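[1] Build me a structure from this.
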Amino acid sequence: MSMKNFKKQFPLLEQYTYLDTAASGLLSETLLEFRQDHDLDFLIGGSIFREKRDSLFLKVRKSVGDLFGCAPNLVALTPNFSYGFNLLMEAIDRSKKVLLLQNDYPSVNWAVESRGFKVCYAEIDENLENNIAEAVSRENPDFFVFSLVQYINGIKIDPGFLLKLKQQNPDLLLFADGTQYCGTEKFDFEASALDVLGASAYKWLNAGYGNGFFLFKEHMQEKIAPAGLELKELQGKNKPHKGSFIGKFEPGHLDTLNFGSLKTAIDLIKQIGIEQIEDRIRELTFLARAKLSEKGLLEPAAVKRELHSSIFNIKGDEKLFQKLRSNKIICSQRGEGIRVSFHYFNSEEDLENLLRQLK
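    Coordinates of the predicted model:
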């Protein structure tokens, strides 16, 4: 199926120029179909329908693990990033020192700052990687906790730099938020420098709300001990993770609708091909960056850096934001400006439409 045909998966695109995946992904026809069937089956089956839940959750973990290069038994299913990340931070000794990025996503920084860890910071600008390297050698932190892509301006950390950082500091643990990243390009967690990657799936994976995941490297099981959160639900004899590390991140009953939605969304990504999605996003990013910087609308960091995501913060006030909205261009006000973001279902026409309104 061509990219054009995949556009038909998202009927909203017929009405709007949607440049707001960084705020919320879209519901696809495929996902709607799954959700309607699911609830019909639940309506008719009740607890008989729920008997199949464990095999579904195994498939979801496998699906997530296949897409992101992680063994399924090291994939935890969580309702969202914040929930899993707070559990993770609860499991860490408060005397440790954590490096954060200044003005990173509040769910990331608050979870650390509010717990009384020793905290140090690196600045997010065009020299991001240098700033991090300097902070690591100056402060010698135990953990570096950060978003792979910055939600305000789309600045994207260089994965090659992270590998080098890890080689030079093998004891430094890297915990990343991939909510603004996962689903935009091919990623191999096992081969990456990361020790933990968590993400909510309602943005770039277009999986709807109420589902997310955490991926762990094998050695993390020795490094942290989440508080005894296991509930009775996780102690049945059919649990693949009974009494296990992953079980501690999945207390209570998981929802088959939400996690079935995650699997369905990943199936759609596999059908299109993550490489094709990556290529398409890269093309649009390259075009958007060139044309927006030509108009002097981007901050230096977005222009000067070699790597950038498909999220841009353009200069603009409330008046411009309202103008865009009234012309059916959906975007968000973030930081000092207006945030636009391009996904694979966007087109050159969407970019041209935006540029016309920015004249």
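
[2] L87 contacts G247, correct?
    No. Using CB atoms under 8 Å, L87 is not in contact with G247, being 11.7 Å away. (Each C-beta comes from the backbone N, C-alpha and C, glycine too.)

[3] Report the central residue of this structure.
    With distances taken as CA atoms, centre = their mean, T179 lies nearest the centre of the chain, 1.5 Å away.

[4] Quick one: classify that residue as helix, strand or coil.
    coil (DSSP: H, G, I helix; E, B strand; the rest coil).

[5] pretty sure it contacts Q150?
    No. Counting by CB under 8 Å, T179 does not reach Q150; the two are 11.2 Å apart.

[6] All the strands of the stretch 251-359 of the chain, residue numbers only.
    311-314, 329-330, 332-334, 337-341 (DSSP state E, counting those that start in this stretch).

[7] Out of those, the one nearest K166 is which?
    K166 sits nearest to strand 311-314 of all those, at 25.4 Å, using CB to CB.

[8] For that closest one, give the mean pLDDT please.
    The average pLDDT for strand 311-314 rounds to 97.

[9] now swap in stretch 196-215 and tell me
    Stretch 196-215 comes out at a mean pLDDT of 98.

[10] again, but for stretch 91-106
    Averaging pLDDT along stretch 91-106 gives 95.

[11] same thing with stretch 351-359?
    For stretch 351-359, the per-residue pLDDT averages 95.

[12] Roughly how far does Q271 sit from T264?
    11 Å (CB to CB, to the nearest Å).

[13] Between these two, tell me which one has more neighbours.
    T264 (23 against 11; other CB atoms under 10 Å).

[14] Show the contacting residues for that one.
    30-31, 34, 207 (CB atoms under 8 Å, 6 or more residues apart in numbering).

[15] If we use 6 Å, what do you get?
    31, 34 (CB atoms under 6 Å, 6 or more residues apart in numbering).

[16] Likewise for N211?
    201, 258-259, 262.

[17] do the same with L262
    Here L262 is in contact with 60, 201, 207, 211 (CB under 6 Å, 6+ apart).

[18] what do you get for K328?
    K328 touches Y16, counting by CB under 6 Å, 6+ apart.

[19] Quick check: it vs Q322, distance?
    12 Å.

[20] Out of the contacts of N211, list just those in helices.
    258-259, 262 (DSSP state H).

[21] For the chain, just list every one of the helices.
    3-7, 29-45, 47-50, 53-68, 81-90, 106-113, 128-139, 159-168, 220-223, 256-272, 274-294, 300-304, 318-326, 348-358.

[22] Turn these into JSON lines, including distance to L99.
    Output for the helices of the chain, formatted as JSON lines (distance: least, CB to CB, whole Å):
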{"stretch": "helix 3-7", "distance to L99": "39"}
{"stretch": "helix 29-45", "distance to L99": "37"}
{"stretch": "helix 47-50", "distance to L99": "43"}
{"stretch": "helix 53-68", "distance to L99": "24"}
{"stretch": "helix 81-90", "distance to L99": "14"}
{"stretch": "helix 106-113", "distance to L99": "10"}
{"stretch": "helix 128-139", "distance to L99": "6"}
{"stretch": "helix 159-168", "distance to L99": "10"}
{"stretch": "helix 220-223", "distance to L99": "17"}
{"stretch": "helix 256-272", "distance to L99": "30"}
{"stretch": "helix 274-294", "distance to L99": "28"}
{"stretch": "helix 300-304", "distance to L99": "19"}
{"stretch": "helix 318-326", "distance to L99": "34"}
{"stretch": "helix 348-358", "distance to L99": "36"}
